[in-house]
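Peer 1: this one's sequence-less:
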């Protein structure tokens with residue numbers, strides 16, 4: 001399986017020389033779903049099929065991931081958010097709801113800050129904003145995020161280390177972050193690993209941006225620019241004060257703690273579809 005059954009796929013230009021691979025299904029009010037790491041748009045297969053009963057559901061592969069283009073630039077979340085606004089515009093939607101998981105949630109967060117006239121509702125799954133993430137991940141609690149520090153290193157070292165054994169590296173997160181191993185069946189796991197294997201440099205660039213320019217952008221906005229739309233955040237209980245961190249950015253916040261694992265759209269798709277539809 002490489003795309004969501006029943007969905008149409010498109011290549012949509014978003015910038016000069018850059019196009020995204022996008023799956024689209026259903027009719028009705030539009031919602032865009034952004035995948036996380038180490039995945040592609042296929043992570044939304046159950047949720048997207050549910051929502052397509054009464055929504056136009058748009059599922060891109062992010063810049064640098066899956067079947068989308070992998071340029072050597074443009075991995076700051078501001079540019080990646082502009083990609084998503086461009087996709088929606090090309091499909092005829094001036095306004096849309098937006099949900100993101102993991103890396104996709106960071107893109108969604110930036111889209112909400114930069115394009116408040118476009119995003120009607122925002123949902124972020126199992127992240128905290130980039131600036132806050134670096135503040136709270138320290139001491140032994142930072143061990144779970146070792147990959148953040150690895151991919152923050154200057155170009156060369158992380159790419160070579162990861163490319164030496166990509167299936168072990170990316171497969172580690174699919175195993176360690178899943179409470180229900182059956183949520184990611186073998187064919188889907190194989191798809192994720194194959195997609196990541198061919199995207200090591202661009203994935204590293206995405207993460208490296210979160211230790212550099214993304215921090216600069218968040219720092220510029222902190223305290224002055226807030227999310228104006230209704231925001232829902234679903235998180236595992238990390239013990240890191242997620243609700244307080246999010247409330248500083250989102251006055252209209254609905255924060256919920258979930259018991260499923262990190263890959264919640266695959267482990268508890270009914271919960272996620274119900275939350276998004278509500």
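Peer 2: Ah, there it is. This is a predicted model, so every value here is computed, not measured. Residues are numbered from 1 along each chain as shown.
Peer 1: Quick one: residues contacting the residue nearest to the spatial centre of the chain.
Peer 2: Nearest residue to the geometric centre of the chain (CA atoms, centre = their mean): residue 104, 1.3 Å. Contacts for residue 104 (CB atoms under 8 Å, 6 or more residues apart in numbering) come out as 33, 34, 35, 36, 62. For every residue, glycine as well, the C-beta is placed using N, CA and C.
Peer 1: Show me where the stretch 1-150 of the chain has its strands.
Peer 2: 8-15, 18-25, 29-34, 55-60, 96-101, 119-125 (DSSP state E, counting those that start in this stretch).
Peer 1: what's near enough to touch the closest residue to the residue nearest to the centre of the chain other than its chain neighbours?
Peer 2: In space, and not counting its chain neighbours, residue 104 is closest to residue 34: 2.9 Å by CB to CB, 6 or more residues apart in numbering. Neighbouring residues of residue 34 by CB under 8 Å, 6+ apart: 60, 62, 84, 98, 99, 100, 101, 103, 104, 105, 107, 108.
Peer 1: In PyMOL, how would I select the buried members of the residues you listed?
Peer 2: Buried residues within the contacts of residue 34, by 16 or more other CB atoms under 10 Å, are selected in PyMOL with:
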select buried, resi 60+62+84+98+99+100+101+103+104+105+107+108
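Peer 1: Export the contacts of residue 34 as JSON lines, with columns for distance to residue 26.
Peer 2: Shown next, in JSON lines, are these (distance: CB to CB, whole Å):
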{"residue": "60", "distance to residue 26": "15"}
{"residue": "62", "distance to residue 26": "21"}
{"residue": "84", "distance to residue 26": "18"}
{"residue": "98", "distance to residue 26": "16"}
{"residue": "99", "distance to residue 26": "14"}
{"residue": "100", "distance to residue 26": "19"}
{"residue": "101", "distance to residue 26": "19"}
{"residue": "103", "distance to residue 26": "24"}
{"residue": "104", "distance to residue 26": "19"}
{"residue": "105", "distance to residue 26": "22"}
{"residue": "107", "distance to residue 26": "22"}
{"residue": "108", "distance to residue 26": "19"}
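Peer 1: which residues are contacting the top helix by length along the chain?
Peer 2: In the chain, with assignment by DSSP state H, the single longest helix is helix 77-90. With contact meaning CB under 8 Å, 6+ apart, helix 77-90 is reached by 12-15, 18, 20, 22, 30, 32, 34, 58, 60, 62-63, 74, 94, 96, 98, 106-111, 114-115, 118, 130, 206, 209-210, 213-214, 217.
Peer 1: Next, work out how far apart residue 64 and residue 46 are.
Peer 2: 24 Å (CB to CB, to the nearest Å).
Peer 1: Comparing the two, which shows the higher neighbour count?
Peer 2: residue 64 (23 against 18; other CB atoms under 10 Å).
Peer 1: correct me, but that one touches residue 75?
Peer 2: Yes - taking CB atoms under 8 Å as the definition, residue 64 is a contact partner of residue 75 at 6.2 Å.
Peer 1: Now do the shared contacts for the two.
Peer 2: Counting by CB under 8 Å, 6+ apart, the shared contacts of residue 64 and residue 75 are 202, 205, 206.
Peer 1: Name the nearest of those residues relative to residue 225.
Peer 2: In terms of CB to CB, no member of these lies closer to residue 225 than residue 206, at 22.3 Å.
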